[in-house]
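# Next come a sequence and a model predicted from it.
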Amino acid sequence: METKHLVVLGAGFGGLTFCQTFNHPDTRITLVDRQNHHLFQPLLYQVATAGLSAPEIAQPVRSILSNKPRVTVLLDSVVDFNLAEKKVALEKNTLSYDYLVLALGGVTSYFGHPEWEEFAPGLKSLDDALRIRRHVLLAFEKAENASGESERGRLMTIVVVGGGPTGVELAGAFAELARRVLKSDFRRIDPTQARIVLIEAGPRVLAHLPPKLSASAQRQLEKLGVEVRTGTKVKNISQGRVELENGQVIEAENILWGAGVSASSLTKKLGAELDRAGRVKVNPDLSLPGHPEVFAIGDMALVLDEEGKPVPGVSPAAMQMAKHVARIIRGELEPGRQSARPPFRYWDKGTMATIGRSAAVAKIGRIEFNGFLAWVAWLFVHLIFLIGFRNRLAVLLQWAYSYVAYKRGARIVTGLSEEAKHTGT
Ligand SMILES: Cc1cc2nc3c(=O)[nH]c(=O)nc-3n(C[C@H](O)[C@H](O)[C@H](O)COP(=O)(O)OP(=O)(O)OC[C@H]3O[C@@H](n4cnc5c(N)ncnc54)[C@H](O)[C@@H]3O)c2cc1C
């Protein structure tokens, strides 16, 4: 049998799981990603809030797949597709394929206001997390140097837009950083007076969870000192300034965007039907309409669950889709096993969000719980799924240390002298 070439685009949860799961002797796989690392996005907020350092939540794709001799990893960017000729254009290469698996994930979406990105960064990559961490830590340093109450107040205000899981996790962790970790480190300012405002346009935070858990999350946030403003719409964002639709203005050195995601903009080049978030409307087997040899999985794919609701953009869904596609392709490469492709079925294993030290909410099946128990469940689930033993051990030790000592290790800010050179200061 001639060797089939499988091209996998994106080494996130979907693409990586595909490469780890798929195994057939008559195939070779080329995996392409523009980053050299696989990123555990669910713990990105911990890097942004100085809880963990970057290597603890990322690992080189090459090293994860070093025991897979049939997989070639290319560090390159996807730029275009020619589905008719079964070709993918990368920045440095052009690849021909027999099967193509698209797993390019999503990007932060500003709901028609791309100009806000400059003033309110989103959290999607390690670079985003490190930039946010640096800017927030420097704001406290500037406040220690500032004269005047109002300037200090502005420097010590963090606004988080969006009450979904990312916004809730960020707001809770920043409140904890200010109130507990930085508490004794400054002399001219009192970090416990930092103002953390969480703005949500809808009536409740964590709207994907039952109302009881949303209410519990809000209570737990408020206990940490977060100002939670639900039913509040943002009208405009500019440098250090958030204007609300009710006419109020919040001056803040740090404004963070946790409100929306949309699919990779490359989906527009596929010629397929997309939904409002730019996701590709795939067939029930996850293939592209008219292209049975092309599959889209993870955050860039729109597929409905058994109740007719879109499968959520979460890592277990991306991993399950990858395994489904791997089974289909493997089946088709077996001589005499050309049966009809089964539809994808999403198995919802539950959902959880953490709010801070010992605080979280979780829903697993019909069971809903919150507080310490939910936090322990969150901790173990995230440790189990974190890729690589070294990372798991490092993260466990780091969490144990922060928990016992109320200290955080990842608070070093670098690059200040470089910045001074550029600004001439
Ligand atoms: C801050 C944050 C917190 C989250 N928390 C949770 C959580 O607690 N639980 C949960 O289940 N899910 C969570 N998610 C969602 C989860 O991370 C995604 O659902 C999951 O990563 C989707 O997997 P994917 O393979 O579709 O895309 P991704 O994992 O995003 O992977 C896409 C890959 O494609 C690469 N890529 C993109 N464009 C190009 C290009 N042009 N060329 C080459 N490579 C490219 C990227 O570098 C990336 O490696 C979170 C997401 C974020 C951002």
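Looks like it arrived, so ask away.
# Which parts of the stretch 151-300 of the chain are helices?
If DSSP state H, counting those that start in this stretch is used as the criterion, the helices of the stretch 151-300 of the chain fall at 165-176, 211-223.
# List the buried residues of the last one.
Of the residues in helix 211-223, those buried by neighbour count under the rule 16 or more other CB atoms under 10 Å are 213-218, 220-221. The C-beta positions use only the backbone N, C-alpha and C, and glycine is treated the same way.
# That one vs the ligand: in contact?
No: figure legend: helix 211-223 not in contact with the ligand (CB under 6 Å from any ligand atom); closest approach 13.7 Å.
# returning to what we had before: if we compare the helices of the stretch 151-300 of the chain, which one ends up closest to residue 59?
helix 165-176 (21.5 Å; CB to CB).
# Need the helices of the stretch 151-300 of the chain in a markdown table (columns: mean pLDDT).
Formatted as a markdown table, the entries for the helices of the stretch 151-300 of the chain read as follows, by pLDDT from 0 to 100:
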| stretch | mean pLDDT |
| --- | --- |
| helix 165-176 | 95 |
| helix 211-223 | 96 |
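# Now render the ones you listed as JSON lines, adding distance to residue 319.
Supplementary listing: the helices of the stretch 151-300 of the chain in JSON lines, determined by distance: least, CB to CB, whole Å:
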{"stretch": "helix 165-176", "distance to residue 319": "18"}
{"stretch": "helix 211-223", "distance to residue 319": "24"}
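# right, and the ones you listed - which one's nearest residue 69?
The closest approach between residue 69 and any of those, judged by CB to CB, belongs to helix 165-176 at 37.5 Å.
# which other helices and strands contact that closest one?
Under the contact criterion of 3 or more CB pairs under 8 Å, 6 or more residues apart in numbering; DSSP states H and E, helix 165-176 touches helix 44-48, strand 157-161, strand 195-199, helix 211-223, strand 226-229, strand 351-356.
# For the stretch 1-150 of the chain, which residues are neighbours of the ligand?
Remark: the part of the stretch 1-150 of the chain in contact with the ligand comprises 10-15, 32-35, 41-42, 44-45, 77-78, 103-105, 123-124, using CB under 6 Å from any ligand atom.
# what residues are up against the residue nearest the centre of the chain?
Of all residues in the chain, the one closest to the mean position by CA atoms, centre = their mean is residue 41, 4.0 Å from it. Taking CB atoms under 8 Å, 6 or more residues apart in numbering as the contact definition, residue 41 lies against 12-13, 124, 315.
# what do you get for residue 408?
The neighbourhood of residue 408, defined by CB under 8 Å, 6+ apart, consists of 50-51, 177, 181, 402.
# what ranges do the strands span in the stretch 51-200 of the chain?
Across the stretch 51-200 of the chain, reading from the start of the chain, the strands by DSSP state E, counting those that start in this stretch fall at 58-60, 71-75, 78-82, 87-90, 94-96, 99-102, 106-108, 157-161, 195-199.
# Can you check the pLDDT for residue 85?
Turning to residue 85, the model gives it a pLDDT of 98.
# same deal with the one 3 residues further on?
Residue 88 is assigned a pLDDT of 98 by the prediction.
# Name the spans of the stretch 201-350 of the chain whose pLDDT lies under the cut-off.
Low-confidence segments of the stretch 201-350 of the chain, defined by pLDDT under 70, span residues 338.
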